[in-house]
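> A structural model of the following input is requested.
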Amino acid sequence: MTQLVLTASGWLNAWQEGIQSFIKEVVVKHKARKLAKQTVNELSKLSNRELSDLGLYRADIRGIAEKHYQEEVNQNLRGWV
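Just a heads-up that it's a prediction; the model follows:
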């Protein structure tokens, strides 16, 4: 009987940790998407001349923002507490 209780407890703990991990990952990805969207919106407001001064083309804005925040998400997941 004790073994059954310990086994069930282990399953519940593993399930709980899995759910917590999933929720943390969703939150981090949501923040990254929000920051990427904000970056795209702010860079889109700049003129072509201002973008050129930064070394960017208008067509590169979305790709640069998404790549930057995708990498940041991966770094954050390693150190998530």
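
> where's W15, which helix or strand?
Secondary structure from DSSP states H and E places W15 in helix 2-44.

> Quick one: distance of that helix to the chain centre.
10 Å (CA atoms, centre = their mean, to the nearest Å).

> buried ones in the next helix or strand after that helix?
Remark: after helix 2-44, the chain's next helix or strand is helix 48-54, criterion DSSP H and E. Neighbour counts over helix 48-54 (16 or more other CB atoms under 10 Å) mark L51 as buried. The way it works is simple: take the backbone N, C-alpha and C, and place the C-beta from them, glycine included.

> which residues sit against helix 48-54?
L43, L46, Y57, R58, I61 (CB atoms under 8 Å, 6 or more residues apart in numbering).

> Dump these to JSON lines, plus pLDDT and distance to Q20.
Rendered in JSON lines, the data for the contacts of helix 48-54 read as follows (pLDDT from 0 to 100; distance: CB to CB, whole Å):
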{"residue": "L43", "pLDDT": "92", "distance to Q20": "35"}
{"residue": "L46", "pLDDT": "94", "distance to Q20": "40"}
{"residue": "Y57", "pLDDT": "92", "distance to Q20": "42"}
{"residue": "R58", "pLDDT": "92", "distance to Q20": "41"}
{"residue": "I61", "pLDDT": "91", "distance to Q20": "35"}
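
> Show me where this protein dips below the pLDDT cut-off.
For the chain, the stretches with pLDDT under 70 are 1-2, 4-6, 8, 71-81.

> hmm, back to that, which elements pack onto the helix holding W15?
Applying 3 or more CB pairs under 8 Å, 6 or more residues apart in numbering; DSSP states H and E, one finds that helix 2-44 makes contact with helix 61-78.
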